[in-house]
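In: Predicted coordinates and the sequence they were generated for:
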Amino acid sequence: MKYNFLDDYSEGVHPEILRYITDHNDGQQLGYGHDAYCALAAHRITEAFGVPGADVHFLPNGTITNVTGLAAMLKPFEGVISPSTGHINVHEAGALEATGHKIIWVDSPDGKLTPDLIDEALSRYHDEHTVVPRAVYLTQPTELGTAYTKAELTEVVADAKRKGLLVYVDGARLPMALAVPALDLTPKEFGALGLDMFYVGGTKNGGLYGEALVITNPDLKPNFRHHMKQRGALMAKGRFMGLQFARLFDSDNLWLSLGDNANRQATRLHAGLQELGVKFDVEPVTNQLFPIMPDPLVKRLSEDFGFFEWQPLDDGHTMIRLVCSWATTSSHVDDFVAAVRSALALT
Ligand SMILES: Cc1ncc(COP(=O)(O)O)c(C=O)c1O
């Protein structure tokens with residue numbers, strides 16, 4: 001195996017984060033997130049997003065963050081509107097539904113929600129015989145590697161609020177989206193959108209594990225730690241998540257530069273593949289690419305590289321997923337492009 005483009009969590013931990021953990025390993029700290037490092041990380045995160053009054057909680061992975069956050073927002077008969085491709089809808093084994101909340105999904109070719117799609121979801125639900133749509137679930141960037149621009153995100157958040165819906169953003173890869181200059185969205189502008197809850201990922205951005213959930217809506221803050229505890233998401237050794245996020249959000253903005261590396265390498269990979277005539281259904285914006293390749297080429301490449309065969313298409317082609325990470329280098333990308341070039345020359 002020359003290199004694995006399967007995902008952005010096959011790498012180890014960024015050396016700066018590991019060093020920070022080792023440097024602050026000695027001594028005792030209170031458990032369950034009451035330690036000094038979680039407090040420091042929470043402070044740095046609220047500063048970065050310009051949300052001084054927000055609560056920040058550290059949870060071990062994306063699925064438990066989505067389940068805990070969304071279920072805490074909803075009454076038993078309420079549901080959440082999601083694009084069909086939303087991670088909660090397709091890749092979390094029905095975790096949210098297992099809490100009793102329906103996911104009201106709408107088809108979205110580019111993975112984004114729009115005011116029209118929200119209307120479509122609302123139009124299906126009327127009275128006490130149906131669930132009540134209460135929240136929208138957005139992912140920035142989306143599971144298809146696309147991302148909302150500032151204008152798009154502002155519009156959809158304002159629209160959802162006007163319609164009385166709560167807004168939750170899954171930011172497993174938020175650092176990548178905020179590192180794209182063309183999206184024109186700074187962390188403080190993101191924080192000022194009026195989201196009710198969002199999380200920023202550490203697992204996919206150089207951390208050991210862990211996500212930081214930010215609650216800005218005061219109504220959703222009380223007893224949130226009880227929700228976490230009940231779902232097994234309150235970590236006794238939470239200090240290590242605090243340390244990771246304290247380092248990621250230190251003054252050098254490591255969180256953004258790691259996202260930026262992942263994006264830059266994906267942009268190089270995209271350009272290299274396009275030059276060879278490879279087609280893309282959706283134009284990539286961040287660190288995930290979904291090229292469409294003939295099946296024999298996919299088979300040949302899989303001998304040397306790791307990637308997901310995302311979706312078989314009916315004409316002898318497959319859409320694959322290639323993910324670049326904070327640790328992907330130019331030579332990893334060049335090797336892949338060279339392998340595609342030589343495989344195409346042979347056919
Ligand atoms: C957008 C998004 N949300 C949530 C998750 C779930 O994260 P985990 O696998 O850590 O539970 C993922 C994981 O791939 C993801 O891509």
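Out: Sure thing, it's come through.

In: Close to the ligand: what parts of the stretch 1-150 of the chain are there?
Out: Residues of the stretch 1-150 of the chain found near the ligand (C-beta under 6 Å from any ligand atom) are Asn61, Gly62, Thr63, Asn66, His87, Thr139, Glu143. C-betas here are computed from N, CA, C, even on glycine.

In: swap the cut-off to 5 Å and go again
Out: Near the ligand, the residues belonging to the stretch 1-150 of the chain are Asn61, Gly62, Thr63, His87, Thr139 when assessed by C-beta under 5 Å from any ligand atom.

In: quick one: which of those sit in helices?
Out: In helices, defined here by DSSP state H, the members of those are Gly62, Thr63, His87.

In: residue contacts, Ile104?
Out: Listed by C-beta atoms under 8 Å, 6 or more residues apart in numbering, the contact set of Ile104 reads Gly79, Val80, Ile81, Ser82, Ala121, Arg124, Tyr125, Val131, Pro133.

In: average pLDDT across stretch 107-118?
Out: Model confidence over stretch 107-118, given as mean pLDDT, is 96.

In: re earlier: out of the ones in helices among the residues of the stretch 1-150 of the chain next to the ligand, which comes closest to the ligand?
Out: Distance to the ligand, by C-beta to the nearest ligand atom, is smallest for Gly62 among those, at 2.4 Å.

In: Which stretches in the stretch 151-300 of the chain count as helices?
Out: If DSSP state H, counting those that start in this stretch is used as the criterion, the helices of the stretch 151-300 of the chain fall at 174-178, 187-191, 224-230, 239-248, 254-275, 295-302.

In: deepest of those helices, which one?
Out: For those, average neighbour numbers computed from mean count of other C-beta atoms under 10 Å are highest in helix 174-178, which has a mean of 28.

In: Quickly check: it near the ligand or not.
Out: No: Helix 174-178 stays out of contact with the ligand when judged by C-beta under 5 Å from any ligand atom, the minimum separation being 9.3 Å.

In: Does that helix pack against any helices or strands, and if so which?
Out: If contacts are counted by 3 or more C-beta pairs under 8 Å, 6 or more residues apart in numbering; DSSP states H and E, helix 174-178 sits against helix 187-191, strand 197-201, helix 254-275.

In: returning to that earlier point: could you dump the ones in helices among the residues of the stretch 1-150 of the chain next to the ligand into a markdown table and include pLDDT and neighbour count?
Out: What follows is these, written out as a markdown table (pLDDT from 0 to 100; neighbours: other C-beta atoms under 10 Å):
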| residue | pLDDT | neighbour count |
| --- | --- | --- |
| Gly62 | 98 | 22 |
| Thr63 | 98 | 19 |
| His87 | 98 | 19 |
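
In: Check for me that Trp310 belongs to a strand.
Out: Yes: the secondary structure assignment for Trp310 places it in a strand, going by DSSP: H, G, I helix; E, B strand; the rest coil.

In: contacting residues for Asn261?
Out: By C-beta under 8 Å, 6+ apart, the neighbours of Asn261 are Cys324, Ser325, Trp326, Ala327, Thr328.

In: In TSV, list those along with secondary structure, neighbour count and distance to Ala262.
Out: Written out in TSV, the entries for the contacts of Asn261 read as follows (DSSP: H, G, I helix; E, B strand; the rest coil; neighbours: other C-beta atoms under 10 Å; distance: C-beta to C-beta, whole Å):
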residue	secondary structure	neighbour count	distance to Ala262
Cys324	coil	28	5
Ser325	coil	25	5
Trp326	coil	23	6
Ala327	coil	17	9
Thr328	coil	25	7
